[in-house]
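Q: Coordinates for the following, if possible.
(4 chains)
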2 protein chains.
Amino acid sequence: MDGIREKLQKAFARTGLRRTPQRHDVLAWLVRHKRHATAEEIYEAVNRSNQRLSRATVYNALHALVESGLVRPVAVEGAASRFDSTLDRHHHFICDRCGDIEDLAWFDLPGKAMQAAAGGRAVRDVEITLHGTCERCARGKTKHTPNPSKTRGEQKAC
Amino acid sequence: MDGIREKLQKAFARTGLRRTPQRHDVLAWLVRHKRHATAEEIYEAVNRSNQRLSRATVYNALHALVESGLVRPVAVEGAASRFDSTLDRHHHFICDRCGDIEDLAWFDLPGKAMQAAAGGRAVRDVEITLHGTCERCARGKTKHTPNPSKTRGEQKAC
DNA sequence: TCCAATTTTAGATTTAGTCTAAGAATGTGG
DNA sequence: CCACATTCTTAGACTAAATCTAAAATTGGA
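A: Below you'll find the predicted structure:
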């Protein structure tokens, strides 16, 4: 119905990454829920619906998926890394106040300027992250609690 | 001789951040050594030359400095955050293989595209990180060990 | 089918970073 | 110059993130 099965099948085939049930589940969850989840959240969510997989397996699967480009890590200062399916390209916006991560429409970098700055280096990927205040926080809605799990660190109550 | 004292004095004055000896030492070290150091490295380095400051103080100082914009955190997936003086603008390049972080010359984002993508959000800062293979790793020099401290995580021997 | 390589697993371990409560330093108004 | 409130630092305990280990399970191919 959902086509996800086929989509993932293709993705695995394309990258040559061995498709284990565990990797499949992790990727499927990430594709379905476009949240920027931590490894811990994925661990809990996937285990809630399916068979159990261990924490180490979640990390292994995530790393394998990152390695082959199907998943992208979003590192956050002072907090657990979050993960993101790359099946559609996009950039990120991180709110200074509440720490929420939002997707932005993709746009290109000026190729020339980038090449010049990169010099002789081989560039595989470009990561653009905007920082600022999200609309909810700007409006002063204090209820906005984007990371229902342990929101460790900086974020001021918001 | 070095003008750093005055430069920092100005920086503190400009941002209104209280200049404590500890914050000064942390910032001074970051300005002098343009490495992208972890909190732990800073802790060790600063204590090597000067009086002792506690780990908590290093974190406190770093957060205060980040808050007031004098220092920028560089989050890295699966590893300790690194820190960077912002006294000159630049972008980053992170090597997939060895994990090294290099500075790139500053270049601007196409303002229109960015505004369009950001929508109504208030953008404070733009962070551009290129990922790929650094020149040393490309040349296959296996000696390249950029993070002499605990290089935890992904990096293949390189 | 059998073997070698890969993957998963549970649990222990390491490391990053925060928290707490108490004490020190600082700045301000009188 | 003093008193008081505020801010900052500190050590160490604590929490959480992520890795590591060694053993068991699964897989793909000859």
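Q: Measure how far the longest strand along chain A is from the centre of its chain, please.
A: Longest strand in chain A by number of residues, with DSSP state E as the criterion: strand A:122-133. The chain centre lies 13 Å from the centre of strand A:122-133; the measure is Cα atoms, centre = their mean, to the nearest Å.
Q: swap in stretch A:77-89?
A: In this view, stretch A:77-89 has its centroid 2 Å away from the chain centroid, taken as Cα atoms, centre = their mean.
Q: With stretch A:109-119 instead?
A: Going by Cα atoms, centre = their mean, where stretch A:109-119 is centred and where its chain is centred differ by 25 Å.
Q: now do stretch A:45-62
A: On the basis of Cα atoms, centre = their mean, stretch A:45-62 is displaced by 16 Å from the centre of the chain it belongs to.
Q: Tell me the buried residues in that stretch?
A: Neighbour-count burial for stretch A:45-62, counted by 16 or more other Cβ atoms under 10 Å in any protein chain shown, picks out A:45-46, A:53, A:57-58, A:60-62. From N, CA and C alone the C-beta is placed, and that goes for glycine too.
Q: what comes into contact with whatever helix or strand comes next after the longest strand of chain A?
A: Heading C-terminal from strand A:122-133, the first helix or strand you meet, by DSSP states H and E, is helix A:135-138. With contacts defined as Cβ atoms under 8 Å, 6 or more residues apart in numbering or on different chains, helix A:135-138 is touched by A:95, A:97-98, A:100, A:144, A:158, B:119-122.
Q: Over to stretch A:110-125?
A: With contact meaning Cβ under 8 Å, 6+ apart, stretch A:110-125 is reached by A:126, B:91, B:93, B:96, B:102, B:104-110, B:130-135, B:138.
Q: Out of those, which end up buried?
A: Buried among the contacts of stretch A:110-125 (16+ other Cβ under 10 Å): A:126, B:91, B:93, B:96, B:102, B:104, B:107, B:109, B:130-134.
Q: ok, back up a step: among the buried residues of stretch A:45-62, name the ones in helices.
A: Per DSSP state H, helices hold the following members of the buried residues of stretch A:45-62: A:45-46, A:57-58, A:60-62.
Q: Might you report the residue contacts of the most centrally placed residue in chain A?
A: With distances taken as Cα atoms, centre = their mean, chain A has residue A:84 as the residue nearest its mean C-alpha position (2.0 Å). Residue A:84 makes contact with A:30, A:36, A:71-74, according to Cβ under 8 Å, 6+ apart.
Q: And residue A:51, by the same measure?
A: With Cβ under 8 Å, 6+ apart, residue A:51 has no contacts at all.
Q: ok, it to residue B:15 distance?
A: Plainly put, residue A:51 is 53 Å away from residue B:15 if you go by Cβ to Cβ, to the nearest Å.
Q: show me where pLDDT drops low in chain A?
A: Residues of chain A meeting the criterion pLDDT under 70: A:1-2, A:50, A:141-158.
Q: Let me see the ranges of the helices in it.
A: For chain A, the helices defined by DSSP H cover A:4-15, A:21-32, A:39-49, A:55-67, A:111-118, A:135-138.
Q: burial count for the closest residue to residue A:74 other than its chain neighbours?
A: Among residues not flanking residue A:74 along the chain, residue A:82 sits closest, at 4.5 Å (Cβ to Cβ, 6 or more residues apart in numbering or on different chains). Around residue A:82 there are 22 other residues, counting by other Cβ atoms under 10 Å in any protein chain shown.
Q: What residue spans form the domains of chain A?
A: For chain A, the structural domains run A:1-87, A:89-158, going by automatic domain parsing.
Q: picking that back up, I'd like the ones in helices among the buried residues of stretch A:45-62 as TSV, with distance to residue B:67 appended.
A: Output for those, formatted as TSV (distance: Cβ to Cβ, whole Å):
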residue	distance to residue B:67
A:45	33
A:46	36
A:57	38
A:58	33
A:60	36
A:61	36
A:62	31
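Q: what's the farthest-apart pair in the residues you listed?
A: A:45 and A:60 (17.0 Å; Cβ to Cβ).
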